[in-house]
Each structure stands twice: as structure tokens, then as C-alpha cells.
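# Here is a sequence together with a model predicted from it:
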Amino acid sequence: MSENGKILVMTAVAVERDAVLRGLSGDDRFEVLEAGVGPVEAAVSAATVLAQAGPGAYRLVISAGIAGGFKERAEVGSLVVSDAIIAADLGAETPEGFHSVDKLGFGSARIDVDVELAGRLAAALQAAGLQTALGPVLTLSTVTGSAETAVELAARIPGAAAEAMEGFGVAAAARRAGLPVLELRAISNPVGPRDRSAWRIKDALQALEAANSVLREVIV
Ligand SMILES: O=C(O)c1cccc(C(=O)CC[C@H]2O[C@@H](n3cnc4c(=O)[nH]cnc43)[C@H](O)[C@@H]2O)c1
């Protein structure tokens, strides 16, 4: 990764942006913006910022925020660093089950991340005492709301650690700009039956803040 240019961090909502900013403690190598909820808002926001800034303004793009964690992969309050970003509902339902765009022959639902940085960040978070998984982070337009869907996703995407709604959009914009990407998520709820009252948003935002204070040490 080049040492020139800033690191663009995109969150969905303002409270996530503020948690990231607290963790970064005014580090001016980072720019943190609120992109909106869902892959479309995230992609449009990130692509607009990158296009308006022009080549060389940024060197890395990060999608950050809270997320659902898959059973036995990421507990509430823990962190997930992506080793791949997967658009898990981009495809078609068929009598044989879900077919991704890869299988349909229309591109790929997977965007690779900067694996060296992802590994280094996950190791640094663990070394700082923060429970962290390294694995695929899924992007869905619809939050999973049943145990059946959670099981189907986990079976279809081996190692799936978390699901959120923006990563693939941010990653697609970064890829278009020729920039590496990473996704960093703090787990607010288990992926599965919907129980909004059980979401631990405050705990997840605290974990997100702590993770970003480690992130700034990891980025050289
Ligand atoms: O209500 C609040 O106080 C609040 C504070 C921060 C964020 C929110 C959101 O609802 C943001 C939506 C955001 O959360 C991600 N997310 C969280 N859990 C899941 C999940 O299980 N499946 C998919 N996405 C999830 C998602 O990226 C949304 O952007 C509310």
C-alpha cells in the first residue's frame, strides 16, 4: 500500500461515524464519512467522494460499522475484519436454490480485500485484547430475520463471520477507483430471528471505537 493519500472510512449512520472518529483521535490521515444505509447509498456515496477527489487523494477505503454476527463465528461485542466482501443476495433464486451472479455468468459477488492488512489488523486487535474474527463479511439489502436464512447463508458461504448492508457497495466503488478495500465490523446482534430490542448497539459502538484506535496504529 502506498503511504500517500488518505484513508477513506465510510459508515452507514452518524453514530457509527462518531465512534470511528473517537477511536481515531483526530488522526488526520483518515477521512470519515456517513454514506447512508444499504449497498446502493454506500456505493453512490463512496464513488462520488472518490471521483470528486481524483487520483492519489486516497490510498485505502474502509467500510466500517455495526453488524450481525454468525453463530460460533462472531459474538455480540466482538469484532470482524473481512478477508472477503460478498454480496450474498446478488443473484437469482432457482428451483435448485440460490445462484450467485458468478454462477449466472454476470460478474462476481466477491471482492477481495487487502489480505496482508486484514491479517495484520486482526492480529493487532487480538493482541489488544479485543475478540476478533477474520472472515467473509456478507452484504445484504435485507437484514436476515430468521434462523433458516442464517443457516442457509452460513452453509452457502463457508466461514461467513458477519453480515451488514454496505460493504459490497463501498468495495465496488473502491475497486472502480483502483484502490484496496477493507471492512471492519463490530457485532451488535446475532444473525437470525429478528429481535431489535436485543441489539447491543452501545456495546458494538464501544468496540468499534476501540478497534479504530488500534487501526490507526496499524496503518503506516
Ligand atoms: O438505532 C440506533 O441507535 C442505531 C445506531 C447505529 C446503527 C443503527 C442501524 O440500524 C444501522 C444499520 C446498520 O447496521 C448494520 N447491521 C447491524 N446488524 C445487522 C444485521 O444483523 N444484518 C445486516 N446489517 C446489520 C447494517 O450495516 C446497517 O447499516 C441503529
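Received, thanks. Source: prediction; values computed, not measured.
# Show me what Val61 is bridged to.
Bridge pairing for Val61 (DSSP bridges) gives the partners Leu8, Val181.
# I'd say it and Ala46 touch.
Yes - the criterion here is CB atoms under 8 Å, and Val61 meets it with Ala46 at 6.5 Å. Every residue, glycine included, has its C-beta placed from N, CA and C.
# Can you name the residue of this structure nearest to the ligand?
Going by CB to the nearest ligand atom, the ligand is nearest to Gly68 of the chain, at 2.2 Å.
# picking that back up, between Val61 and Ala46, which has more neighbouring residues?
With neighbours defined as other CB atoms under 10 Å, Val61 and Ala46 compare such that Ala46 has more, 28 against 24.
# right, and the more buried one touches Ala174 too?
Yes - assessed by CB under 8 Å, Ala46 is found in contact with Ala174 at 6.8 Å.
# Between these two, which contacts overlap?
Residues within reach of Ala46 and of Ala174 at once, by CB atoms under 8 Å, 6 or more residues apart in numbering, are Val61.
# check contacts around Gly69.
Glu75, Val76, Ser78, Val80, Ala161, Ala162, Ile187, Asn189, Pro190, Val191.
# So the residue lying closest to it once chain neighbours are set aside: helix, strand or coil?
Leaving aside its chain neighbours, Gly69 sits nearest to Ile187 (3.7 Å; criterion: CB to CB, 6 or more residues apart in numbering). Here Ile187 is strand, with the state taken from DSSP: H, G, I helix; E, B strand; the rest coil.
# now do Val76
When classified by three-state DSSP, Val76 comes out as coil.
# same for the one helix or strand Arg22 maps to, what does it pack against?
Remark: Arg22 resides in helix 14-24, with elements defined by DSSP states H and E. Helices and strands touching helix 14-24, by 3 or more CB pairs under 8 Å, 6 or more residues apart in numbering; DSSP states H and E, are strand 6-11, strand 30-34, strand 58-69, helix 201-218.
# Tell me, how many residues neighbour the residue of the chain closest to the ligand?
The tally of other residues near Gly68 (other CB under 10 Å) stands at 24.
# Make sure it is actually in contact with Ala186.
No - using CB under 8 Å as the test, Gly68 is too far from Ala186 to be in contact (11.0 Å).
# Could you verify that Gly169 is part of a helix?
Yes - assignment of Gly169 by three-state DSSP places it within a helix.
# List the contacts of it.
Ala35, Gly38, Pro39, Val40, Glu41, Ala42, Ala43, Val44, Ala46, Ser63, Thr139.
# could you dump the residues you listed to JSON lines with pLDDT and distance to the ligand?
Compiled in JSON lines, the contacts of Gly169 are given as follows (pLDDT from 0 to 100; distance: CB to the nearest ligand atom, whole Å):
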{"residue": "Ala35", "pLDDT": "97", "distance to the ligand": "9"}
{"residue": "Gly38", "pLDDT": "98", "distance to the ligand": "7"}
{"residue": "Pro39", "pLDDT": "98", "distance to the ligand": "9"}
{"residue": "Val40", "pLDDT": "98", "distance to the ligand": "12"}
{"residue": "Glu41", "pLDDT": "98", "distance to the ligand": "9"}
{"residue": "Ala42", "pLDDT": "98", "distance to the ligand": "8"}
{"residue": "Ala43", "pLDDT": "98", "distance to the ligand": "13"}
{"residue": "Val44", "pLDDT": "98", "distance to the ligand": "14"}
{"residue": "Ala46", "pLDDT": "98", "distance to the ligand": "14"}
{"residue": "Ser63", "pLDDT": "98", "distance to the ligand": "9"}
{"residue": "Thr139", "pLDDT": "98", "distance to the ligand": "8"}
